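J.: Provided below are the primary sequence and the corresponding predicted coordinates.
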Amino acid sequence: MKADLHIHTNFSDGVSSPQEVVRAAIEKNIDCICITDHREIKGAIEAMRFGFDKNILVLPGIEIATKLGDILGINIKEIIPDGLSVKETIEEIRKQGGIAVIAHPFSWPLHRFRGGKEDFLAADAIEIFNASLLNIFNKKAFNFSQEYNLPFTAGSDAHRAEFVGRAYIEVPQNILTEKELLTTICEKKIKVKGKNLNIREIPRNGLNKRTVFFLRGFYSHTK
């Protein structure tokens, strides 16, 4: 089973509709997706309805901006507001039966997670492979998860349907329910796979001009 657990639709800052996202996932042989729009779950609900009678498991989710950085709520059916503390956000996610995943923890300065070790350890998992990031950021997240023996996830962070499935977790056994998938993640019985977006794809995925300028400068100095 392949699961992409970080996807956005046009209900927040994505470009593609929930239906387009589901179709793209099926075409790419992705068995499970989680829609994690910002401050909204309507896109996730639409994707669930559209995928209900299709060969795909669609999980509702949300990306929440806490006071110290972004956290993904996986399997969340109600909106959790931005601006809460890390502890409050994690508690709200667990109340709904979901898991809290620290998103792109070592990303660009404006998007990285600013919490301390105790905040990382309080979450259920950290995202160690985000396809929209450079390898150096994902490598740092991977090393951190290994150092502290933390559960982990992966996701494309796609804002366009064409990038769905570029990063995913692979689950060895046949998972049939949301609960089984979340348990398997927490037990670290998964593998992370995928391919980063390249320098031309990253701006198409929705980064702002300042970030694109920084990326071009970074690449020019590392050649």
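T.: Great, that's in hand.
J.: before we move on, which element is Ile202 in?
T.: For Ile202, the element it lies in under DSSP states H and E is helix 201-204.
J.: and what of Ile126?
T.: Using DSSP H and E, Ile126 maps to strand 125-130.
J.: now for that strand, which elements pack on it?
T.: strand 2-7, strand 99-102, helix 135-147, strand 152-155, strand 191-194 (3 or more CB pairs under 8 Å, 6 or more residues apart in numbering; DSSP states H and E). Any C-beta I mention is one placed from the backbone N, CA and C, and that applies to glycine too.
J.: one more time with 6 Å, if that's ok
T.: strand 99-102, helix 135-147, strand 152-155 (3 or more CB pairs under 6 Å, 6 or more residues apart in numbering; DSSP states H and E).
J.: From the chain's centroid, how far away is the first one?
T.: For strand 99-102, the distance from its own C-alpha centre to the chain's C-alpha centre is 9 Å (CA atoms, centre = their mean, to the nearest Å).
J.: As PDB, could you dump the C-alpha coordinates of that strand?
T.: Provided in PDB are the C-alpha atoms of strand 99-102 (Å, rounded to 0.1, in the frame of the first residue of the first chain):
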ATOM      1  CA  ILE A  99      -2.500  11.500  14.800                       C
ATOM      2  CA  ALA A 100      -0.300  14.700  15.000                       C
ATOM      3  CA  VAL A 101       2.500  14.900  12.500                       C
ATOM      4  CA  ILE A 102       5.000  17.800  12.600                       C
END
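J.: Could the C-alpha coordinates of the helix or strand following it be exported in CSV?
T.: The first helix or strand that comes after strand 99-102 along the chain, using DSSP H and E, is helix 117-122. The C-alpha trace of helix 117-122 is given here as CSV (Å, rounded to 0.1, in the frame of the first residue of the first chain):
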residue,chain,number,x,y,z
LYS,A,117,12.8,18.7,21.6
GLU,A,118,9.9,18.3,24.0
ASP,A,119,7.5,19.5,21.3
PHE,A,120,8.9,17.0,18.8
LEU,A,121,8.6,14.2,21.3
ALA,A,122,5.0,15.1,22.1
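J.: State the mean pLDDT of helix 117-122.
T.: Helix 117-122 shows a mean pLDDT of 96.
J.: Now that helix: buried residues?
T.: For helix 117-122, burial by neighbour count (16 or more other CB atoms under 10 Å) applies to 119-120, 122.
J.: How far does stretch 170-188 stretch from one end to the other?
T.: End-to-end distance for stretch 170-188: 11 Å, by CA to CA, to the nearest Å.
J.: Show me where this protein dips below the pLDDT cut-off.
T.: Low-confidence segments of the chain (pLDDT under 70): 207-223.
J.: any idea what sits nearest the spatially most central residue of the chain, other than its immediate chain neighbours?
T.: The residue lying closest to the centre of the chain (CA atoms, centre = their mean) is His6, at 2.6 Å. Leaving aside its sequence neighbours, His6 sits nearest to Gly155 (CB to CB, 6 or more residues apart in numbering; 2.5 Å).
J.: Can you verify my assumption that the one you found contacts Ala3?
T.: No - Gly155 is not in contact with Ala3 according to CB atoms under 6 Å; the separation is 8.6 Å.
J.: Can you list the buried residues in stretch 10-20?
T.: Across stretch 10-20, burial judged by 16+ other CB under 10 Å covers 10-12, 14-18, 20.
J.: Closest to Thr66 out of these?
T.: Thr66 has its nearest neighbour among the buried residues of stretch 10-20 in Ser12, at 16.5 Å by CB to CB.
J.: if I pick that closest one, what's in contact with it?
T.: Listed by CB atoms under 6 Å, 6 or more residues apart in numbering, the contact partners of Ser12 are 37-38, 40.
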